[in-house]
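1. Give me a model of this one.
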Amino acid sequence: MTVSMKRFLSINTYHPESETISISDTSVLENILSKRDILAQTAKIFDPLSLCASVTVKAKILLRKLWLLKLSWDQKVPTDIMAIWSNLAEDLSGLRNLSFSRQAIDSDGLLKLHIFCDASPQAYGFVIYRVQNGKSHIICSKVKVAPMKAKTLPMMELIAVYIAFKALIMLLRTCSNIKVENIIVSVVAQFVLSWLLSDNGKIKSLYTRNRIRDIHEENFTKEFGVDIQYKYVPSAENLADLLSRGVSLEKFKEKLGYWTYRPTWLVQEPENWPISTLSCLSPENVKNVFDSTIGGTICKLLILFDRFSSFDKLCHATAFVFKFVNKCK
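-> Numbering: from 1, shown residues only. Below you'll find the model as predicted:
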């Protein structure tokens with residue numbers, strides 16, 4: 001080990017000259033035979049901040065697939081799994097060549113936190129960014145594979161919001177000496193946004209109601225003096241999309257700057273943020289979202305009044321629309 005490199009807990013390498021950290025030099029073996037071997041090699045990559053989770057999640061998804069195949073620990077894995085692992089092992093070994101800025105948060109200046117949540121049939125997770133002094137930077141992320149018992153995508157994204165809140169509490173308590181100006185939680189599923197902004201008593205699923213209750217019980221205003229704002233973000237602008245689906249090392253390198261430092265709109269005024277039609281939200285919830293995130297921009301109407309020849313026909317169509325929206329909640 002050279003003087004210019006220091007190890008932290010034998011997992012990260014610190015480069016004082018460039019003020020960067022990287023995953024320690026770890027070689028992941030490509031030649032494996034069993035599920036036990038894949039787990040042992042995957043465990044070599046320990047990334048506590050999940051800075052490289054967009055790549056490592058592919059190993060977790062592969063292990064989940066092996067569990068679904070009901071293979072024993074020492075049973076030989078199929079040939080197609082071996083081929084997938086061979087490419088994945090090369091990607092995992094290549095993570096040691098990536099580096100990230102060590103200082104994610106400045107001690108001076110108001111701090112804004114932006115959380116992106118997303119889910120796919122294979123995994124769900126979140127990523128937290130700080131916006132401070134006109135700049136933004138990734139703080140940490142977290143990704144988990146989908147449970148063996150299938151759940152709907154909106155429910156999984158709700159769980160992603162739930163685990164994001166748990167991590168957020170730890171982050172705010174750790175950075176208690178820094179003033180947090182506001183916190184924005186962005187989700188892709190409009191159903192989830194509707195759940196978070198509505199009375200959970202109207203939701204039929206007991207599990208969903210309990211998760212929403214757990215989220216609402218976290219009183220950030222009382223403990224930290226900051227409110228939570230919710231925002232819908234298109235999938236193309238959601239950085240957590242990389243987490244939930246997983247990418248190759250080559251693709252991750254291409255998006256490394258985007259992943260580390262933000263989409264360009266994140267440091268701009270809310271009026272310049274992406275705008276989308278929120279067709280699954282009630283007018284009151286649409287107003288809440290727009291007032292807090294995109295400067296009160298008017299949403300496109302669901303029902304075009306000038307297409308109806310009489311007031312009775314308009315009322316009849318409107319009733320069907322509200323009936324459909326209520327069933328979707």
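2. can you map out the helices along the stretch 151-300 of the chain?
-> Using DSSP state H, counting those that start in this stretch, the helices assigned to the stretch 151-300 of the chain run over residues 153-174, 190-197, 206-217, 220-224, 241-245, 249-254, 256-261, 283-293.
3. surely residue 33 meets residue 78?
-> No - at 11.4 Å, residue 33 does not count as touching residue 78 under the criterion of Cβ atoms under 8 Å. For glycine as for every other residue, the C-beta is placed from the backbone atoms N, C-alpha and C.
4. any idea how far residue 27 lies from residue 59?
-> 15 Å (Cβ to Cβ, to the nearest Å).
5. Give me the more crowded residue out of these two.
-> residue 59 (24 against 11; other Cβ atoms under 10 Å).
6. Does the residue most central in space within the chain belong to a helix, a strand or coil?
-> In the chain, the residue lying closest to the centroid (Cα atoms, centre = their mean) is residue 126, at 2.2 Å. Put simply, residue 126 is strand when judged by DSSP: H, G, I helix; E, B strand; the rest coil.
7. Contacts only, for the closest residue in space to it that isn't next to it in sequence.
-> Closest residue to residue 126 in three dimensions, ignoring its sequence neighbours and counting by Cβ to Cβ, 6 or more residues apart in numbering: residue 164, at 3.8 Å. Residues touching residue 164, when contacts are defined by Cβ atoms under 8 Å, 6 or more residues apart in numbering, comprise 115, 117, 126, 128, 142, 185.
8. quick one: which of the residues you listed is nearest residue 261?
-> Taking Cβ to Cβ as the measure, residue 261 lies nearest residue 128 of the contacts of residue 164, at 13.6 Å.
9. burial measure for that closest one, as a count.
-> Residue neighbour count, defined by other Cβ under 10 Å, stands at 22 for residue 128.
10. Test of understanding: give the bridge partners of it.
-> In this entry, residue 128 is beta-bridged to residue 115, residue 140, by DSSP bridges.
11. Just the pLDDT for it.
-> pLDDT for residue 128: 94.
12. Please report how far it lies from residue 163.
-> Between residue 128 and residue 163 the distance is 11 Å, computed by Cβ to Cβ.
13. what do you get for residue 169?
-> 11 Å.
14. Then residue 23?
-> Residue 23 is 23 Å from residue 163, where distance means Cβ to Cβ.
15. With residue 261 instead?
-> Counting by Cβ to Cβ, the separation of residue 261 from residue 163 is 24 Å.
16. Tell me where the model's unsure across this structure.
-> Within the chain, the stretches with pLDDT under 70 are 1-12, 199-202, 271-272, 274-309, 311, 329.
17. so what are the domain limits for it?
-> Domain assignment for the chain by automatic domain parsing gives 6-100, 103-269.
18. In terms of distance to residue 16, which of the contacts of residue 164 ranks first?
-> Relative to residue 16, the closest of the contacts of residue 164 is residue 128; by Cβ to Cβ it sits at 25.5 Å.
19. Quick check: the closest one touching residue 114?
-> Yes - with contact defined as Cβ under 8 Å, residue 128 counts as touching residue 114 (7.5 Å).
20. In this structure the residue nearest to the centre of the chain contacts residue 142, no?
-> Yes - counting by Cβ under 8 Å, residue 126 does reach residue 142; the two are 5.9 Å apart.
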